[in-house]
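A.B. asks: what follows is a protein structure lacking sequence information:
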């Protein structure tokens, strides 16, 4: 529940999550990112605006990646950001296709 609140806060201000996540070489770093991803995905499943959620998630992963000190975590966060940007692009392209059909 606490991580859920943190994710909601971080969507408004991504740097708000930084003090609560381990983004360094410690064993907790990858666990923090994995748990964060689970909660972001869970919240996305019930989002009323999926495109907005995906874009906010991309921004969150971008900000965290800029502050991570472990190269493995930077790479993982960058992949997550890129994945979300691609999903957003696909969603927008899908919307433009359905609008064009009308």
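C.D. replies: On my side now, so go ahead. Since we're looking at a predicted model, the values are computed, not measured. Numbering: from 1, shown residues only.

A.B. asks: checking residue 69 next. Helix, strand or coil?
C.D. replies: Secondary structure state of residue 69, per DSSP: H, G, I helix; E, B strand; the rest coil, is coil.

A.B. asks: need the nearest residue in space to residue 53, chain neighbours excluded.
C.D. replies: residue 47 (3.8 Å; C-beta to C-beta, 6 or more residues apart in numbering). Bear in mind the C-beta positions are built from the backbone N, C-alpha and C, glycine included.

A.B. asks: point out where this protein drops to low pLDDT.
C.D. replies: 1, 97-102 (pLDDT under 70).

A.B. asks: please enumerate the helices of it.
C.D. replies: 2-12, 28-45, 50-67, 71-101 (DSSP state H).

A.B. asks: and the angle for the third one with helix 28-45?
C.D. replies: It refers to helix 50-67. Angle, helix 50-67 to helix 28-45, by axes from the mean of the first three to the mean of the last three C-alpha atoms, to 10 degrees: 170 degrees.

A.B. asks: give me the neighbour count for residue 91.
C.D. replies: 14 (other C-beta atoms under 10 Å).

A.B. asks: report the contact partners of it.
C.D. replies: Residues in contact with residue 91, defined by C-beta atoms under 8 Å, 6 or more residues apart in numbering, are 50-51, 54.

A.B. asks: which of the residues you listed tops the neighbour count?
C.D. replies: That'd be residue 54 among the contacts of residue 91, by other C-beta under 10 Å, with 22 neighbours.

A.B. asks: re earlier: need the winner for burial among the helices of the chain.
C.D. replies: helix 50-67 (a mean of 19; mean count of other C-beta atoms under 10 Å).

A.B. asks: quick one: list the elements packing against that one.
C.D. replies: Other elements packing on helix 50-67 under the criterion 3 or more C-beta pairs under 8 Å, 6 or more residues apart in numbering; DSSP states H and E are helix 2-12, helix 28-45, helix 71-101.
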